[in-house]
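Chemist: sequence and predicted structure, then a few things I'm wondering about:
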Amino acid sequence: MGIALFFMAILGLLIYAYIRSNYKKTDGMYCTSCGYNGKVSGKPRGNGYVELLLWLCFLVPGLIYSAWRGGKKEYICPSCNGNNIIPENSPVAKDIIEKKSLTKCPFCAELIKPEAIICKHCGKEITKTA
């Protein structure tokens, strides 16, 4: 019985180390809540104390809980601590970033690119003021 507990503890430590190694900082993520664009960090789901308690008291539920915790990364925005994170190269993020960079035409109030010389909606010439 003692040897089995020892091997289960070793297995738990290996699973824990594997889960922790997968949560590294990620480049190129976009927060839909605050508009942050850059590196974000990942954290495991659930609670570490619950995992420890399950491993100490009940070996099989501890193994199941560890597998559940390590199954999905939860990315956290460093700016607003929100978890509405998507990759910046996804179509949704590209669309949001492009819409934020557009400006309004002073004549028709339609959205145009900042480098536009002529408005594509009303055809009037846009003058750049320095």
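Modeler: Everything's here; your move. Numbering: from 1, shown residues only.

Chemist: what's the burial count for the nearest residue to residue 54 once chain neighbours are set aside?
Modeler: Using CB to CB, 6 or more residues apart in numbering and skipping the chain neighbours, the partner closest in space to residue 54 is residue 62 (3.8 Å). (Each C-beta comes from the backbone N, C-alpha and C, glycine too.) Using other CB atoms under 10 Å, residue 62 has 22 other residues around it.

Chemist: what's the helix or strand for residue 9?
Modeler: Assigned by DSSP states H and E, residue 9 belongs to helix 2-21.

Chemist: show me what that helix is packed against.
Modeler: Counting by 3 or more CB pairs under 8 Å, 6 or more residues apart in numbering; DSSP states H and E, the packing neighbours recorded for helix 2-21 are helix 48-57, helix 59-70.

Chemist: ok, and what's touching it?
Modeler: Contact with helix 2-21 is made by 44, 51, 55, 59, 62, 63, 66, 67, 69, 70, as judged by CB atoms under 8 Å, 6 or more residues apart in numbering.

Chemist: if you set the cut-off to 7 Å instead, what comes out?
Modeler: Contact with helix 2-21 is made by 44, 55, 59, 62, 66, 69, 70, as judged by CB atoms under 7 Å, 6 or more residues apart in numbering.

Chemist: for stretch 40-55, same thing?
Modeler: Taking CB under 7 Å, 6+ apart as the rule, stretch 40-55 contacts 12, 19, 23, 25-26, 29, 61-62, 65-66, 68-70, 72-78, 85.

Chemist: how about that stretch, which residues are buried there?
Modeler: In terms of neighbour count (16 or more other CB atoms under 10 Å), stretch 40-55 has its buried residues at 40, 42, 44, 51, 54, 55.

Chemist: just give me the closest of these to residue 103.
Modeler: Nearest to residue 103 among these is residue 40, at 28.4 Å by CB to CB.

Chemist: mind checking pLDDT for residue 24?
Modeler: We note a pLDDT of 50 for residue 24 in this prediction.

Chemist: one more: residue 7?
Modeler: Looking at residue 7, its pLDDT reads 81.
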